[in-house]
Each structure stands twice: as C-alpha cells, then as structure tokens.
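Asker: fold the following and give me the result.
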Amino acid sequence: MTINLATFPPDAQLFNDEAEAVAKRLDQAAATLNKPTQIRRFYDELVGWQERINGDDEKFRQYEAFIKMLNAKVAYAKGRRLVDDEFVAWFRLCIKTTTSARALDHFRLHFEAVLGFLKALRA
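Answerer: Have a look, this model is predicted:
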C-alpha cells in the first residue's frame with residue numbers, strides 16, 4: 001500500500017480508488033473490529049487537529065508531535081482489540097506521510113472518503 005498525502009495537487013485517486021480500496025480492506029475485519037464509532041473517534045480527533053492548524057505550516061510544526069501521538073492511540077486500540085492490523089497499518093502510513101499542514105488536510109479528506117466508502121459497504 002502506498003499513499004502519499006504530501007503531493008500537490010493530490011493524486012487523482014486518493015479520495016476515490018485508494019479510499020475505496022482501504023474501506024474494502026477494513027470491511028474484511030471480524031465483526032468486533034473496526035466498528036464505525038471506533039474509527040470515527042480517530043477521524044474526529046484528526047479533524048480537531050486539522051481545525052487547530054488551519055493550513056498553517058508553523059502551527060503544524062508546533063503540533064506535529066501530538067499528531068504523531070495518534071499512532072500510540074491506534075496501538076492502544078489495537079491492544080484492546082478494537083481495530084485490526086489493517087487499520088493500524090493504514091493509519092500509521094498516513095501519519096508517516098503527513099508532513100505538512102497541506103498533507104494533514106489531504107489525510108482528513110482521504111479519511112473522510114474512506115468513511116464514506118465503508119458506510120456504503122456496510123449499508
């Protein structure tokens with residue numbers, strides 16, 4: 001899996017084919033894993049950081065350590081058997097490629113697209 005959130009303009013498939021592929025992989029988890037409310041918590045926290053930073057690279061640098069800390073929160077959720085390895089791998093890759101305020105915006109939009117495709121798969 002390769003996702004690059006730092007490119008501008010973003011890859012044409014980032015919010016479409018790539019997001020749908022991630023959603024399909026997340027949907028393969030056991031019924032007790034990757035529940036919408038659990039995944040939505042990570043999305044909501046990401047949105048909170050994105051709103052605080054508001055496209056400002058200086059603010060991104062100030063808050064970058066806290067954004068990277070989301071990896072620990074995902075690991076904790078995995079340890080509690082709330083998310084699967086697929087979610088952890090995807091989320092960690094996205095955090096790794098979130099290197100600027102613009103990349104954070106792209107991550108939020110990509111995550112939003114994943115949630116949309118996942119909802120459609122589970123309807």
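Asker: quick one: buried residues of the lengthiest helix in the chain?
Answerer: Counting by DSSP state H, the longest helix found in the chain is helix 101-121. For helix 101-121, the neighbour count (16 or more other Cβ atoms under 10 Å) marks 101-111, 113-115, 117-118 as buried. Quick note: C-beta positions are derived from backbone N, CA and C, even for glycine.
Asker: which other helices and strands contact that helix?
Answerer: Helix 101-121 is packed against helix 17-27, helix 36-53, helix 57-68, helix 85-97, with contacts defined by 3 or more Cβ pairs under 8 Å, 6 or more residues apart in numbering; DSSP states H and E.
Asker: who wins for proximity to Met1 among these?
Answerer: Distance to Met1, taken as Cβ to Cβ, is lowest for helix 85-97 among the helices and strands packed on helix 101-121, at 6.4 Å.
Asker: any buried residues in the closest one, and which?
Answerer: Glu86, Phe87, Trp90, Phe91, Leu93, Cys94, Ile95, Thr97.
Asker: what's the angle from it to helix 17-27?
Answerer: Counting by axes from the mean of the first three to the mean of the last three Cα atoms, to 10 degrees, helix 85-97 lies at 140 degrees to helix 17-27.
Asker: how many neighbours does Ile53 have?
Answerer: Ile53 is flanked by 21 other residues according to other Cβ atoms under 10 Å.
Asker: roughly how far does the closest residue to it other than its chain neighbours sit from Trp49?
Answerer: Leaving aside its sequence neighbours, Ile53 sits nearest to Lys59 (Cβ to Cβ, 6 or more residues apart in numbering; 4.5 Å). Distance from Lys59 to Trp49, counting by Cβ to Cβ, to the nearest Å: 10 Å.
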